[in-house]
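Engineer: Any chance you could fold what I've pasted below:
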Amino acid sequence: MRVERLEFWIIYDVDLTVGRRVKRMVAILMVAVVLVLYFVFVPILKKRRAGRDSYASELGYLVGEKAYVVSQLGASKTGMVRVGTDVWSARAKVGIEQIDSGQWVEIVSVSKGLLLVQPK
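Structural biologist: Alright, predicted model coming up:
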């Protein structure tokens with residue numbers, strides 16, 4: 001009879017130990033998953049968000065519009081153009097040396113508030 005009791009306690013003790021181990025491993029696994037999510041995915045999301053051009057969705061309507069050159073501009077020199085009643089900073093498309101003031105140009109693209117233009 002005493003042997004049976006001993007076996008019962010050994011089985012009970014093993015079950016209890018296995019249960020604690022499982023709980024401990026689940027807790028460690030959960031912590032590991034949270035750390036991976038935080039240290040891997042958060043920086044990736046921040047980079048993706050920082051790389052977005054915040055003006056793109058708002059200023060996309062300007063592409064294809066006519067603009068009047070207020071101050072001389074070129075591919076390497078920023079000048080000013082008037083679109084409607086607004087004045088914007090602009091540069092000429094690559095390959096165009098210079099566009100003098102008083103000329104009409106077409107807006108090719110918008111990048112971070114700077115218009116890229118070509119002669120009309």
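Engineer: what is the mean pLDDT for the helix or strand hosting Arg48?
Structural biologist: Assigned by DSSP states H and E, Arg48 belongs to helix 42-50. Average pLDDT, helix 42-50: 80.
Engineer: Surely Val36 is in a helix?
Structural biologist: Yes: counting by DSSP: H, G, I helix; E, B strand; the rest coil, Val36 falls inside a helix.
Engineer: which residues does it contact?
Structural biologist: Val36 makes no contacts at all, as judged by C-beta atoms under 8 Å, 6 or more residues apart in numbering. Where C-beta positions appear, they are placed from N, C-alpha and C, glycine not excepted.
Engineer: any idea of the pLDDT on it?
Structural biologist: On the pLDDT scale, Val36 gets 88.
Engineer: next one: Val108
Structural biologist: Model confidence at Val108, given as pLDDT, is 94.
Engineer: Verify the stated contact: it with Leu62.
Structural biologist: No: Val108 is not in contact with Leu62 according to C-beta atoms under 8 Å; the separation is 10.0 Å.
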